[in-house]
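Student: Any chance you could fold what I've pasted below:
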Amino acid sequence: MADTFGDKEPLMTQQIFKPKLRLASLLLLCCVTSSATAQTIESPLSALGIEPFEFEEPDMQTMGGRLFWGDVYFFHEWKIQQNVFTKHFRLLNGNDVRKASGTYGECLDTLLEIRKQQKLEPMKGKAVILVHGIIRSSKSFDKMRKRLVKEGYQVFGFNYPSTRVPITDASKYLERVLTTFEGVEEIDFVVHSMGGLVVRCYLMNCEKPDPRIKRMVMLGVPNQGAGIADKVQNWPLFKMLYGPAGQQLVTDSEGLISKLPVPEFEFGIVAGARGTEKGFNPLIPGDDDGTVELEHTKLPGAADFMTVSALHSFLMGHPDVINSTMRFLEEGRFRADLPAQPIPAKQEAQESQPATE
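Tutor: Below you'll find the model as predicted:
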């Protein structure tokens with residue numbers, strides 16, 4: 001979770017703040033700031049998800065869709081996105097230049113014409129889909145993407161309006177985009193933070209998960225919720241910045257996260273940790289990556305588990321994380337010199353416990 005004004009009284013008029021909650025606010029804003037460093041600041045119009053001459057100018061450089069666009073179609077470097085506010089669509093090329101805008105059908109027709117003109121071959125082989133966390137975009141995976149491309153993978157950075165829709169709605173964008181991977185024979189996921197919950201939510205709500213999905217690497221995913229979200233859940237600033245999905249990141253035994261299924265395909269987990277009892281964040285019990293508790297990243301059934309000394313927002317670019325991700329996608333384990341450290345499924349864990357009289 002890199003992953004807020006709300007109650008009846010503005011923050012400036014509140015007279016008493018607990019010291020720990022003050023620190024929580026600073027840490028939360030630090031997370032937002034660190035996320036922003038990996039992304040270009042948007043213009044006022046872009047902040048509303050609208051760009052100048054949206055319908056009139058087909059060949060215009062865009063910012064690629066950060067927080068207010070959801071991907072609904074992929075074809076090689078081309079993609080069709082939908083605006084979460086206006087509900088209209090646009091077609092972007094690999095350089096984020098808009099080539100069409102309007103209805104989905106109009107964008108798809110333009111792409112089909114481009115395919116004919118440029119004689120583009122159908123997609124095939126293996127694909128890796130990168131799924132970002134809340135208040136981030138696929139741009140946060142730049143270092144990971146470059147390595148994957150270098151290793152010969154066909155990489156797709158999936159964007160969705162993480163701060164504008166609930167996790168369930170975000171998963172619908174993913175479900176829709178998966179249906180467009182015609183010709184692709186195998187699909188892997190590399191997910192960060194809330195991105196892992198989006199994939200798990202897709203598995204819960206789709207009629208039948210895509211059988212081509214083989215493996216997934218989870219980076220700092222709050223599989224058991226994030227304690228820091230519990231502390232700031234009702235803060236107006238948090239509500240404003242993180243939207244409805246932010247409210248779902250809490251450690252609620254009756255909440256959305258507790259209902260999400262464990263993937264049936266192979267998955268591994270990488271968690272950030274300081275290696276101390278207090279971790280990076282004194283407001284979070286136990287070791288942590290500054291945002292998510294180490295223990296809350298764990299999910300029974302994982303094929304392998306490892307930790308790195310890194311903060312939550314920087315896991316995707318950590319050299320050890322990138323190397324381990326490559327190995328897991330190929331071999332199903334993170335380390336070359338050590339055996340996998342799986343997290344037993346709940347049933348297996350119960351069966352392994354000694355019987356009591």
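Student: Would you verify that Asp142 is located in a strand?
Tutor: No. When classified by DSSP: H, G, I helix; E, B strand; the rest coil, Asp142 is found to be helix rather than part of a strand.
Student: got the phi/psi numbers for Pro122?
Tutor: The phi and psi values for Pro122, taken as degrees, to the nearest 10, are phi -60, psi 160.
Student: Tell me the spacing between it and Glu185.
Tutor: The gap separating Pro122 from Glu185 is 12 Å, by C-beta to C-beta, to the nearest Å. C-beta: built from backbone N, CA, C; applies to glycine.
Student: Show me what secondary structure element comes after the helix or strand of the chain with the lowest mean pLDDT.
Tutor: Sorted by mean pLDDT, DSSP states H and E, the helices and strands of the chain end with helix 44-47, the least confident at a mean of 40. Downstream of helix 44-47, the first helix or strand assigned by DSSP states H and E is strand 60-61.
Student: who does that next one touch, helix- and strand-wise?
Tutor: strand 97-102 (3 or more C-beta pairs under 8 Å, 6 or more residues apart in numbering; DSSP states H and E).
Student: Report the next helix or strand after the strand it packs on in sequence order.
Tutor: Where DSSP H and E defines the elements, the next helix or strand beyond strand 97-102 is helix 104-118.
Student: show me the contacts for Pro261.
Tutor: Under the criterion of C-beta atoms under 8 Å, 6 or more residues apart in numbering, the contact list for Pro261 reads 200, 203-204.
Student: filter those to the buried ones?
Tutor: In terms of neighbour count (16 or more other C-beta atoms under 10 Å), the buried residues within those are 200, 203.
Student: Strands - which of the contacts of Pro261 land there?
Tutor: Where the contacts of Pro261 are compared with strands, as defined by DSSP state E, there is no overlap at all.
Student: Dump the contacts of Pro261 into CSV; add pLDDT as well.
Tutor: Putting the contacts of Pro261 into CSV (pLDDT from 0 to 100) gives the following:
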residue, pLDDT
Arg200, 98
Leu203, 98
Met204, 98
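Student: for the strand ranked longest in the chain, what is the average pLDDT?
Tutor: Among the elements of the chain assigned as strand by DSSP E, the one spanning the most residues is strand 184-192. Strand 184-192 carries an average pLDDT of 98.
Student: Tell me the buried residues in that strand?
Tutor: 184, 187-192.
Student: No further questions, thank you.
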